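Peer 1: sequence isn't available, so here's the structure alone:
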């Protein structure tokens, strides 16, 4: 066999084996490398290159070495899942860099981090004053987590005592102009409903780049043509307005009638409607 053909075949084999081994090692190998995983990734890449280019008869030993590296990596990950001591040994522990607005210089030196690098990381978290930081911790991955002091934390609905509706994952029902039936059935809908909604907003299926349905069955559409504006769903706003109108009508009926029994009934219904509005507001204003 000619050398160029042998190298080509071995390269294809290496790519295939490397793909399988990478799938075994898992996504963490790609998304968040520890020090050991970083070494493993480099070594596996070098071994794959060796298998591709070594024209000697012992090239298959490279495949054995690849298997050993992956087996050791999986074994260490298994031990990390079972033991915190192993996790601390392999990944190290988190280090507190700032506490109560005060930089801990000894810990900064321990992590070989300069003050400029610390300030840069804080700015990436939209923090520009060290005094605003309650805690800053360097994670084993090298990322820095920041907790602001209570008075500098953003206001949330919880701080104001406001209840909001839970957030559910939207389902993508159209992609590249094609209907995705599985996500559509996940939210209990079908193609007929989708066709009706598209007709209502005046767009055709072929013009839709992406369409998503939220937990309230409202359809959001993005078209290929960015110059065309699609009206946003108003179902929740319309429902809230309708409930407010019912409340106002009940109060008006109560004021208009001279029948005491009817007046009492209308007032009671209006009070119940106000309670319904109070409970529904977090959902309808989400």
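Peer 2: In hand now; what should we look at? As the structure is a computational prediction, the values presented were derived from the model and not from experiment.

Peer 1: can you give me the domain assignment for the chain?
Peer 2: Per automatic domain parsing, the structural domains of the chain span 3-89, 95-152, 171-232, 236-284.

Peer 1: out of those, which gets nearest to residue 158?
Peer 2: Smallest distance to residue 158 across the domains of the chain (CB to CB): 12.0 Å, for domain 236-284. C-beta coordinates here come from the backbone N, C-alpha and C atoms, glycine included.

Peer 1: model confidence over that closest one, on average?
Peer 2: Averaged over domain 236-284, pLDDT sits at 80.

Peer 1: next one: it to chain centre, how far?
Peer 2: Here domain 236-284 is found 40 Å from its chain centre; the criterion is CA atoms, centre = their mean, to the nearest Å.

Peer 1: what of stretch 86-102?
Peer 2: Worked out by CA atoms, centre = their mean, stretch 86-102 lies 25 Å from the chain centre.

Peer 1: would you map the strands across the stretch 51-200 of the chain?
Peer 2: 95-99, 102-103, 133-138, 144-148, 171-175, 178-179 (DSSP state E, counting those that start in this stretch).

Peer 1: surely residue 183 meets residue 174?
Peer 2: No: at 9.3 Å, residue 183 does not count as touching residue 174 under the criterion of CB atoms under 8 Å.

Peer 1: higher neighbour count, these two?
Peer 2: residue 174 (22 against 18; other CB atoms under 10 Å).

Peer 1: can I get the domains of the chain in JSON lines including distance to residue 158?
Peer 2: Shown next, in JSON lines, are those (distance: least, CB to CB, whole Å):
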{"stretch": "domain 3-89", "distance to residue 158": "30"}
{"stretch": "domain 95-152", "distance to residue 158": "13"}
{"stretch": "domain 171-232", "distance to residue 158": "20"}
{"stretch": "domain 236-284", "distance to residue 158": "12"}
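
Peer 1: now for the chain, the helix or strand with the poorest mean pLDDT.
Peer 2: Least confident helix or strand, the chain: helix 28-31 with a mean of 46, by mean pLDDT, DSSP states H and E.

Peer 1: mind checking how far the most centrally placed residue in the chain is from residue 183?
Peer 2: By CA atoms, centre = their mean, the chain has its centre lying nearest to residue 169, at 9.8 Å. According to CB to CB, to the nearest Å, residue 169 and residue 183 sit 10 Å apart.

Peer 1: you'd agree residue 219 is up against residue 211?
Peer 2: Yes: judged on CB under 8 Å, residue 219 makes contact with residue 211 at a distance of 6.2 Å.

Peer 1: so which of those two has more stuff around it?
Peer 2: The neighbour comparison of residue 219 against residue 211 (other CB under 10 Å) goes to residue 211, with 26 against 23.

Peer 1: quick one: that one and residue 174 touch, right?
Peer 2: Yes: counting by CB under 8 Å, residue 211 touches residue 174, with 3.7 Å between them.

Peer 1: who touches both of the two?
Peer 2: 194, 221 (CB atoms under 8 Å, 6 or more residues apart in numbering).

Peer 1: residue 276 contacts residue 243, correct?
Peer 2: Yes: applying CB under 8 Å as the test, residue 276 and residue 243 come out as touching, 6.7 Å apart.

Peer 1: out of those two, which sits in the busier spot?
Peer 2: A direct count of neighbours by other CB under 10 Å for residue 276 and residue 243 places residue 243 higher, at 17 against 13.

Peer 1: how near is that one to residue 188?
Peer 2: Taking CB to CB, one finds residue 243 at 24 Å from residue 188.

Peer 1: and for residue 109?
Peer 2: Per CB to CB, residue 109 is found 58 Å from residue 188.
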